[in-house]
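[1] Give me the fold of what follows.
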Amino acid sequence: MLTSGEWCEARLGYRFGDPALLDAALTHRSVGRANYERLEFLGDSVLNFAVAVLVYHAYPEADEGDLSRYRASLVSGQSLAEAASALGLGEQLRLGSGELKTGGFRRSSILADALEALFGAVYLDGGFDAASSVIERLFAGRLAQLPEARDLKDPKTRLQELLQGRGRRLPAYTVEDVSGEPHEHWFVASCEVEELGLRERGEGTSRRRAEQAAADRVLGQLSERGLDR
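    Residues are numbered from 1 along each chain as shown. So this is what the prediction gives:
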């Protein structure tokens, strides 16, 4: 079995000069105070800037709004979790007994956070160029497969524009339930278009994600009824 350092070199193409940074990036908060949260904070900023540079050069004709959509798609929680899963990052994480029992090494939010922490650790260890190279290597394929910018608008935006374009009132969003531990809440929200008799629910790790999921389901209902044309 590969050590964490060997895994990092094999999968990320990076060798840490300070192994302690890698250890911290792979340690979940459930283990103790010395965990990846600070590195995650740093890595989030490094990732956003590195991806901004990537999409800026990849789409020379795109305006600011389209560039923002491209970046948002690449750095979304889902995108990060998928990239982390493909790397086998979950198997490298150090988790507390509670998280291990509940399958935390497969949880999307943990995978996404840990990947950002890794980017922060690489930045501290080797500088921005090293972090940028790792990020480019991981996201080059996803960058090449991005759809048209207009197709990357989030569900809430698409639903709002669709209703406004037909002179309808905007949908109403309601948070129906919040559960889970304080640091890992789970939200249930609804989206209602009263004029059309539509109401759907969505779930997610944040209010925004739950509302987006609900809006996406309403869009699906509109499509089934032929009301999205």
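[2] which residue is nearest the middle of this structure?
    When the chain is reduced to its mean C-alpha position, the nearest residue by Cα atoms, centre = their mean turns out to be G77, at 1.1 Å.
[3] check contacts around that one.
    By Cβ atoms under 8 Å, 6 or more residues apart in numbering, the residues touching G77 are 108-109, 112, 205, 209. C-beta here means a position set from N, CA and C on the backbone, and glycine is covered the same way.
[4] cool, G204 as well?
    G204 neighbours (Cβ under 8 Å, 6+ apart): 186-187, 189, 210, 212-213.
[5] just curious, which of those residues is nearest to L26?
    Nearest to L26 out of the contacts of G204 is W186 (Cβ to Cβ; 24.6 Å).
[6] The closest one and E195, how far apart?
    30 Å (Cβ to Cβ, to the nearest Å).
[7] Can you pick out the residue with more neighbours from those two?
    W186 (15 against 12; other Cβ atoms under 10 Å).
[8] Got the phi and psi for the more buried one?
    phi -130, psi 120 (degrees, to the nearest 10).
[9] Nearest spatial neighbour of R106, chain-adjacent residues omitted?
    G90 (5.7 Å; Cβ to Cβ, 6 or more residues apart in numbering).
[10] burial of that neighbour, as a residue count?
    With other Cβ under 10 Å as criterion, G90 counts 18.
[11] Apply the buried test to the contacts of G204 and list what passes.
    The neighbour-count test (16 or more other Cβ atoms under 10 Å) applied to these identifies 187, 189, 210, 212-213 as buried.
[12] Return the member of those residues nearest to R15.
    Out of those, the member with the shortest distance to R15 (by Cβ to Cβ) is Q212, at 38.6 Å.
[13] Contacts for stretch 163-180 next, please.
    Contacts of stretch 163-180 (Cβ under 8 Å, 6+ apart): 159-160, 185-196, 201, 207, 210-211, 214-215, 218.
[14] how far does it sit from the chain's center?
    22 Å (Cα atoms, centre = their mean, to the nearest Å).
[15] before we move on, back to that, show me how to select, in ChimeraX, the buried members of the contacts of stretch 163-180.
    With 16+ other Cβ under 10 Å as the criterion, this ChimeraX line picks the buried residues out of the contacts of stretch 163-180:
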select :159,160,187,188,189,190,191,192,193,196,201,210,211,214,215,218
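[16] Where strands are concerned, which of the contacts of stretch 163-180 count?
    186-193, 201 (DSSP state E).
[17] re the thing from before, out of the contacts of G77, which is nearest to R33?
    Closest approach between the contacts of G77 and R33, by Cβ to Cβ: S109, at 19.9 Å.
[18] Next SSE downstream of the helix or strand bottoming out on mean pLDDT in the chain?
    Ranked by mean pLDDT, DSSP states H and E, the weakest helix or strand in the chain is helix 97-101, scoring a mean of 80. Remark: after helix 97-101, the chain's next helix or strand is helix 108-126, criterion DSSP states H and E.
[19] Brilliant, that's me finished.
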